[in-house]
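K.L.:
have a look; sequence and predicted model below, questions after that.
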Protein chains: 2
Amino acid sequence: MSDAQPPQPFVPKAAISRLSLYLRELQQLIRNGDERTSSTKLGALLGFTDAQVRKDLAHFGQFGTPGIGYRCADLIDAIRAILGTNRPWPVAVVGMGNLGRALVGYGGFAQQGFKITVGFDVDPRMVGSTIENIPVHHLDELAKITAAAGIKMAIMAVPAAAAQQVADRLVQAGIEGILNFAPVTISVPNAVSQVGVDVAIELEQLSYAIVTKLQNS
Amino acid sequence: MSDAQPPQPFVPKAAISRLSLYLRELQQLIRNGDERTSSTKLGALLGFTDAQVRKDLAHFGQFGTPGIGYRCADLIDAIRAILGTNRPWPVAVVGMGNLGRALVGYGGFAQQGFKITVGFDVDPRMVGSTIENIPVHHLDELAKITAAAGIKMAIMAVPAAAAQQVADRLVQAGIEGILNFAPVTISVPNAVSQVGVDVAIELEQLSYAIVTKLQNS
DNA sequence: TAGATTGTTAATCGATTAACAATC
DNA sequence: TAGATTGTTAATCGATTAACAATC
């Protein structure tokens, strides 16, 4: 209907990750009572150069004032609009084991616009129950319920052996983004976005860093 | 005492992350009964080029046979030796809330060499209890217990507001690697390694991907 | 032998940083 | 005005990919 959207050419993926970090830092600054900040200050808080901060933002428009810097509140609004978190996202959790239940009980991302509104499992003892006021349905109801609720994002907290099957069902149900906590690579169509979090891999990165540091000493 | 270690110049950080992915994929191949693989096959499984796989490995030595490829079991051993996970790592969890307890109950990374052996909290109702056979101590005992147990890695699952203080205490206690689940940037000395996992940020990346895809259509 | 695949060097590509005119 | 800081272009740096001789 409108062509107001800028053409938005190649935005490095790493730049989008940093946008999330800027957002988090800006929210912290606001909590500290800071109204304004600068690319130098924001970068220093995160270990980036000022040029990096400005370049990242420049992909999307102009948000500051030369000689002054950025209004924290305005930059927050701008970044949330870019990321698409200026409106609420209902989220489904699949797999109501320890991790699934912990995620449902965790309020931390409600503040960023994400609200877990439903859980799924295949265990008959879980199905029909309620966890922290969130209903748990059978996985067979996935498509019906996510469609009715307009849910486009799901968090997978299922065993590795089930992950690909569950991913297939999420795709089938029309889910467009998957956050996968299972320690396996899942294969989904290109049109579906995925992000993986594997705690073992993160620990391996720490292991490497520690071992390497020892070697160098 | 010995100079057997190769000089090991600049290894891109991204290459180390991919090493973990190769390892995970190789373990999957072994489970499928594959004895051998190639850079082309391994790359295809993860969406990388064959050149990328060979280049990453080349930073550390020669692990394959021209014309043949790689023996999965051998390459697994080699990568584990590089990452430092060819020996067990005892790990402490700080913060025994929903997430902390879920991590203790999760066996997934024991298989990769990481074993949670102790938990810490400040809540008197938790201190002295046992979760999945893991004792929970008061945070005041951190230094004493981690030193005695030779623990060098800790997982932080504490509220954002407490994160920096807890990080300071971990550093004080001689911890060398921190996996931080709190949604804030923590500042630690250069000699201490840290990795952050922020679920909200991962969801933001999905949000961006979904919203952007819609725009382009 | 012919076919496959490695390890490595050189070429390409992309991302970060430096520099600076414009602006407040 | 002088000082600060943006947005942006050009220069640098680093990482990925292509190509190929060596090898099984």
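P.N.:
Looks like it arrived, so ask away.

K.L.:
tell me where chain A has strands.
P.N.:
With DSSP state E applied, chain A shows strands at A:36-37, A:70-71, A:89-94, A:114-121, A:130-131, A:134-138, A:153-156, A:177-180, A:193-196, listed in chain order.

K.L.:
now check the last one, is it near chain B?
P.N.:
So the one you mean is strand A:193-196. Yes: applying Cβ under 8 Å from any Cβ of the partner chain, one finds strand A:193-196 in contact with chain B at A:193-195. Where you see a C-beta, it was placed from the backbone N, CA and C, and this is true even at glycine.

K.L.:
highest average neighbour count across the strands of chain A?
P.N.:
strand A:153-156 (a mean of 26; mean count of other Cβ atoms under 10 Å in any protein chain shown).

K.L.:
on that earlier part again, any chance of the strands of chain A in TSV, plus mean pLDDT?
P.N.:
Shown next, in TSV, are those (pLDDT from 0 to 100):
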stretch	mean pLDDT
strand A:36-37	98
strand A:70-71	98
strand A:89-94	98
strand A:114-121	98
strand A:130-131	96
strand A:134-138	98
strand A:153-156	98
strand A:177-180	98
strand A:193-196	97
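
K.L.:
pipe these into JSON lines and attach distance to residue B:130 per row.
P.N.:
Formatted as JSON lines, these follow (distance: least, Cβ to Cβ, whole Å):
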{"stretch": "strand A:36-37", "distance to residue B:130": "46"}
{"stretch": "strand A:70-71", "distance to residue B:130": "49"}
{"stretch": "strand A:89-94", "distance to residue B:130": "28"}
{"stretch": "strand A:114-121", "distance to residue B:130": "27"}
{"stretch": "strand A:130-131", "distance to residue B:130": "24"}
{"stretch": "strand A:134-138", "distance to residue B:130": "28"}
{"stretch": "strand A:153-156", "distance to residue B:130": "29"}
{"stretch": "strand A:177-180", "distance to residue B:130": "31"}
{"stretch": "strand A:193-196", "distance to residue B:130": "32"}
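
K.L.:
ok, which of these comes nearest DNA strand D?
P.N.:
Smallest distance to DNA strand D across the strands of chain A (Cβ to the nearest atom of the strand): 5.6 Å, for strand A:70-71.

K.L.:
strand partners (parallel or antiparallel) of that closest one?
P.N.:
Sheet pairing for strand A:70-71, assigned by DSSP bridges, gives strand A:36-37 (antiparallel).

K.L.:
next, count neighbours for residue A:109.
P.N.:
Using other Cβ atoms under 10 Å in any protein chain shown, residue A:109 has 22 other residues around it.

K.L.:
list the contacts for it?
P.N.:
B:183, B:199-200, B:203 (Cβ atoms under 8 Å, 6 or more residues apart in numbering or on different chains).

K.L.:
from memory residue A:208 sits against residue B:80, does it?
P.N.:
No: Residue A:208 lies out of contact with residue B:80 (Cβ atoms under 8 Å); the separation is 10.6 Å.

K.L.:
show me which of those two is the more surrounded one.
P.N.:
Neighbour totals were compared for residue A:208 and residue B:80, and residue A:208 leads with 22 against 19 (other Cβ under 10 Å).

K.L.:
give me every residue in chain A lying close to DNA strand D.
P.N.:
Counting by Cβ under 7 Å from any atom of the strand, chain A comes close to DNA strand D at A:38-40, A:50-51, A:54-55, A:57-58, A:62-70.

K.L.:
can you tell me how far residue A:114 is from residue A:94?
P.N.:
In this view, residue A:114 and residue A:94 are 15 Å apart by Cβ to Cβ, to the nearest Å.
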